[in-house]
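Student: model the structure of this input:
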Amino acid sequence: MTTRDYYCQQGPITDPGDYAGLYDALPDDIAGICRAAQGLIVHYAAPVHRPTPERLHEIDCRYMSAMLKRILELDDRPLTEARPVEKRLVGCCRDITVLVVSILRHKGIPARARYGTATYFDVGYFDDHVILEYWNGMRWVGVDSELSPEVIEHFNIRFDPLNVPDNQFLRGGMGWLMCRSGAADPDRFGLGPNSPLRGWEFIVTETLLDLAALNRLEMLCWDSWGMGKTSLDLSDDDKLFLDEIARVTLDESRSHEWQRLFKDDRLRIPLVIESFSPAVKPEDMPLTVALGFVNQ
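Tutor: The predicted model follows:
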C-alpha cells in the first residue's frame, strides 16, 4: 500500500460509521469542505461563544461517529447548512481537523492530521494547535481548517489558510529538535502565554500525538501515554530516541518507518490511557480512559 492509499482509508477515529452518507452532499473542494466544517463546530475557548458547563463535555467526543451524532442532536439539518453558533458542536482545532480529514478520506482524497504548534496566534509563542495535510495531486499541502474569515481577521493572519507555510505551523517533532539544539526556549511552547501547561512535557506529548496521527489515530489533545507520562524523567537514551522520532516524522521520504516506530512499547497507545480534559476539574484529573481500538 502506498502512503497516499493509506491516508485515503478511514482510521478507527475518523470513520463516520452509519453517518457516512451525510458527506455525499458536501462540496468536493477543500475550501468548500472547510467552510462547511466551520459551520458545524465552535472552539470551546472562542470569544464568540462560551459553552455552558453542561455542554463543555462535548470536547471529549473522541470518535467521528459520536461527533456526528451529537451535531445532529443539536440541529438535524444537512451538514451543508451552517448552524447558529450556539447549536454547533463544542470542540477545538483537533475536532474540526478530524472532521475535514474524515470527509476528504470519504471522497477518496488522501488526508491526515498533524499535531504541533502555530506561530500565528501569539507573537513570539508556539501555541498548541492541530492542522491537516491533504494530497493535492502533486504534494502534501498544510491546511488550517479552523481559520474562518472571522478568525483570520481577529488574528491578522496574512497567509492562505489553505496552504499554510511550514514556518507558520511546526509539526510536533520540530519543536523537540529546536529546543534540543538550543534554537528555541521550551517555555515558549504550550497552551498559550498565560497557561502553565508548557515546556518539555508539552513538547514530548506533541511529538507523540503527531506520530499517532501519522498512524491514523487522531487522539484528543489532552491524552497522555508512554513517554508522554515520563517526559520529565527521560534518560539520555530516551532523548536520543526522541531525536530519531522527530527526524523521521518530519521526513516524508521515511514515511515507511512511521508504523514501525509506533510499535515500540515506549510509543504505542495502550488500551487504557490518561486524559487531562479541560472539561474536568483539576482535582479530578487525570481521567482514566479505556479506548475502543489498539495500535493498527
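
Student: would you map the helices across the stretch 101-250 of the chain?
Tutor: 149-154, 172-181, 200-214, 236-249 (DSSP state H, counting those that start in this stretch).

Student: contact partners of the first one?
Tutor: Contacts with helix 149-154, where a contact means Cβ atoms under 8 Å, 6 or more residues apart in numbering, come from Val48, Ile157, Pro161. C-beta: built from backbone N, CA, C; applies to glycine.

Student: what are the phi and psi angles of the first one?
Tutor: Summarising the backbone geometry of Val48 under the convention degrees, to the nearest 10, its torsions are phi -70, psi -20.

Student: what does the residue nearest to it when sequence neighbours are not counted show for phi and psi?
Tutor: The shortest distance from Val48 to any non-neighbouring residue, by Cβ to Cβ, 6 or more residues apart in numbering, is to Val85 (5.7 Å). Backbone torsions of Val85, given as degrees, to the nearest 10, read phi -60, psi -30.

Student: show me what contacts Val85?
Tutor: Contact partners of Val85, counting by Cβ under 8 Å, 6+ apart, are Val42, Val48, His49.

Student: point out the least confident one among these.
Tutor: Lowest pLDDT of these: Val48, 75.

Student: roughly how far does that residue sit from Ala213?
Tutor: Remark: distance between Val48 and Ala213 (Cβ to Cβ, to the nearest Å) = 27 Å.

Student: which one's more surrounded, those two?
Tutor: Ala213 (29 against 11; other Cβ atoms under 10 Å).

Student: list the contacts of the more buried one.
Tutor: Arg112, Ala113, Arg114, Tyr115, Met219.

Student: and the pLDDT at it?
Tutor: pLDDT, Ala213: 98.

Student: Gln296 too?
Tutor: Value for Gln296, per-residue pLDDT: 50.

Student: repeat for Ser277
Tutor: 94.

Student: pretty sure it contacts Cys61?
Tutor: No. With contact defined as Cβ atoms under 8 Å, Ser277 does not count as touching Cys61 (11.1 Å).

Student: rewinding a little: would JSON lines of the contacts of helix 149-154 with distance to Glu244 be doable?
Tutor: Output for the contacts of helix 149-154, formatted as JSON lines (distance: Cβ to Cβ, whole Å):
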{"residue": "Val48", "distance to Glu244": "42"}
{"residue": "Ile157", "distance to Glu244": "33"}
{"residue": "Pro161", "distance to Glu244": "32"}
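
Student: hmm, back to that, any idea which of the helices of the stretch 101-250 of the chain is most buried?
Tutor: Ranked by mean neighbour count under mean count of other Cβ atoms under 10 Å, the helices of the stretch 101-250 of the chain are led by helix 200-214, which reaches a mean of 25.

Student: next, the angle from it to helix 172-181.
Tutor: Relative orientation of helix 200-214 and helix 172-181, computed by axes from the mean of the first three to the mean of the last three Cα atoms, to 10 degrees: 150 degrees.
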